[in-house]
Each structure stands twice: as structure tokens, then as C-alpha cells.
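Undergrad: here is my input, please return the structure:
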Amino acid sequence: MSTADWESKAIKLTGGRDRRLLHEWRTMERRLSSRNDIRFSPSKFNARQLPTEYLVDYRIKSICGVTNIERLNEENVENEPIFHTGYQMTITLPDNYPDIDGAPRFRFRTTDDSGQPIPHPWHPNIRFFGDYAGNVCLNMADTYTDLAWAVERVALYLRYELFKADEQPPYPEDLNVAKWIRLQALPNRWVYFDQDKQEGHTT
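TA: Numbers count the residues shown, from 1 in each chain. So this is what the prediction gives:
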């Protein structure tokens with residue numbers, strides 16, 4: 001369903017939250033629908049059929065892990081990047097969104113519908129390890145920052161056009177990946193990859 005389909009039903013908006021949900025949906029359609037590298041679709045709706053969750057499909061080639069991961073960042077052990085194309089991120093809008101304490105949650109899927117592991121991004125601003133694997137740190141400026149901005153920013157993460165790996169506040173989301181960036185990726189220029197001619201291993 002699109003915003004045009006929704007509006008054709010003449011569903012009455014009942015409050016500020018609904019207006020914001022519709023605004024975000026319209027903005028996502030306007031900003032992202034013409035892109036070839038990003039696809040999105042609402043995956044959950046409220047009682048007025050406005051999206052409260054989205055699934056974003058990034059058709060981008062990026063790093064999804066490293067070789068010898070069990071010996072990550074050990075001295076004299078190289079951890080070359082492994083590449084994969086295609087990642088899925090969910091955007092969840094809590095019941096109190098867009099209140100100041102109702103920030104949207106951005107998280108990459110790490111398993112498929114059957115619970116089997118799937119590739120997820122290896123990036124210092126995206127959690128790779130642990131219970132919160134897939135969690136994305138965006139540092140959105142305020143509650144008025146639109147979702148489309150965040151989706152486009154994550155695309156820059158995947159291309160490594162944006163990353164923060166410094167060991168100082170605000171700290172990277174994944175400190176292990178950040179250390180790999182500093183010790184191995186930057187010296188070897190592994191994060192400056194050509195999307196069409198990438199070196200390294202591919203899944």
C-alpha cells in the first residue's frame with residue numbers, strides 16, 4: 001500500500017502522532033522511491049493503517065565480516081574484509097514516537113524468518129557482536145529529523161563514506177570493529193573500496 005492508496009480510503013487523522021506518521025511515509029516515498037540502491041516497504045501498521053515499522057532493503061555491496069574473526073586484531077594476524085551485497089534494516093517506531101523519549105529504532109536483521117543467520121554489516125557505527133547485533137547508531141539531531149535522512153545516512157555507512165572509529169566520546173557502536181578500522185583497515189586502505197571493483201573475499 002502507498003500513501004495514495006491510504007488517502008483514497010479517506011481515513012480521518014485523529015492526532016499529532018498520526019500526522020507525523022503520514023508525513024514520514026510521504027517523505028520516504030518522495031526521497032527514496034527513485035533510488036536503485038534502496039527499497040523500502042511498511043511492514044506494520046496502526047489502527048488507522050499508518051506505518052509503525054518499515055523494512056529497508058539496501059542493494060549495496062559492503063563489508064559483512066572479516067577473515068580469521070576468531071583472532072580479530074591479534075598481532076601479526078590479518079583480518080581481511082569479506083563482502084556481501086544486500087542487507088535488510090528494520091525501522092521501529094515506538095508508541096510514544098515522536099516524543100523526545102520515543103526515538104525510532106534502526107536495526108539490521110541478523111537472521112532470516114526461519115532464524116538462520118544472514119550477513120549483516122561490519123561497520124564501527126553498527127553493532128556486529130552480541131545481543132544487540134545489528135543495532136545502528138545514528139545520533140539523530142532531534143525528534144524532527146526525518147526517517148528518510150536516517151535511511152540515506154545508513155547507505156553512506158555501508159559504502160564507508162561515513163564512519164567513526166575514534167576511541168573517544170561519543171564512542172563507536174562496536175568497539176571491536178572500530179579497533180579493526182584503526183589497526184588494519186585504514187593502514188591497508190580496505191575501507192576505501194570501489195563498489196564495482198572490490199578486493200577481498202565475497203560471500
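
Undergrad: buried residues, stretch 40-56. List them.
TA: Using 16 or more other CB atoms under 10 Å as the test for burial, stretch 40-56 gives F40, P42, R48, L50, P51, T52, Y54, V56. The way it works is simple: take the backbone N, C-alpha and C, and place the C-beta from them, glycine included.

Undergrad: who's the first one bridged to?
TA: Per DSSP bridges, the residues bridged to F40 are V56.

Undergrad: count of neighbours near K164?
TA: Close neighbours of K164, defined as other CB atoms under 10 Å, add up to 17.

Undergrad: which non-adjacent residue is nearest P51?
TA: The shortest distance from P51 to any non-neighbouring residue, by CB to CB, 6 or more residues apart in numbering, is to P42 (3.5 Å).

Undergrad: hey, where'd the strands end up in this protein?
TA: Per DSSP state E, the chain carries strands over the ranges 38-45, 51-66, 81-92, 105-108, 201-202.

Undergrad: buried set for the third one?
TA: For strand 81-92, the buried set under the neighbour-count rule, 16+ other CB under 10 Å, comprises P81, I82, F83, H84, Y87, Q88, M89, T90, I91.

Undergrad: flag the shaky bits of the protein, pLDDT-wise.
TA: Within the chain, the stretches with pLDDT under 70 are 6, 9-11, 141-143, 194-203.

Undergrad: now do 80
TA: By pLDDT under 80, the low-scoring segments of the chain are 1, 4-15, 139-144, 193-203.

Undergrad: elements contacting the lengthiest helix in the chain?
TA: Counting residues, the longest helix found in the chain (DSSP state H) is helix 16-32. Counting contacts by 3 or more CB pairs under 8 Å, 6 or more residues apart in numbering; DSSP states H and E, helix 16-32 packs against helix 3-8, strand 38-45, strand 51-66, helix 147-158.

Undergrad: can you rerun that using 7 Å?
TA: helix 3-8, strand 38-45, helix 147-158 (3 or more CB pairs under 7 Å, 6 or more residues apart in numbering; DSSP states H and E).

Undergrad: got these as JSON lines, with distance to S114 columns?
TA: Below are those laid out as JSON lines (distance: least, CB to CB, whole Å):
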{"stretch": "helix 3-8", "distance to S114": "30"}
{"stretch": "strand 38-45", "distance to S114": "17"}
{"stretch": "helix 147-158", "distance to S114": "25"}
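
Undergrad: just name the most buried of the ones you listed.
TA: Burial of the helices and strands packed on helix 16-32 is given as mean neighbour count (mean count of other CB atoms under 10 Å); helix 147-158 ranks first at a mean of 19.

Undergrad: now the angle from that helix to strand 51-66?
TA: Relative orientation of helix 147-158 versus strand 51-66 (axes from the mean of the first three to the mean of the last three CA atoms, to 10 degrees): 10 degrees.

Undergrad: CA atoms of helix 147-158 as CSV?
TA: Extracted in CSV, the C-alpha atoms of helix 147-158 (Å, rounded to 0.1, in the frame of the first residue of the first chain):
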residue,chain,number,x,y,z
LEU,A,147,13.4,8.9,8.7
ALA,A,148,14.5,9.3,5.1
TRP,A,149,17.6,11.2,6.3
ALA,A,150,18.5,8.2,8.5
VAL,A,151,17.9,5.7,5.7
GLU,A,152,20.2,7.7,3.4
ARG,A,153,22.8,8.1,6.1
VAL,A,154,23.0,4.4,6.6
ALA,A,155,23.6,3.9,2.9
LEU,A,156,26.7,6.1,3.4
TYR,A,157,27.7,3.9,6.3
LEU,A,158,27.5,0.8,4.0
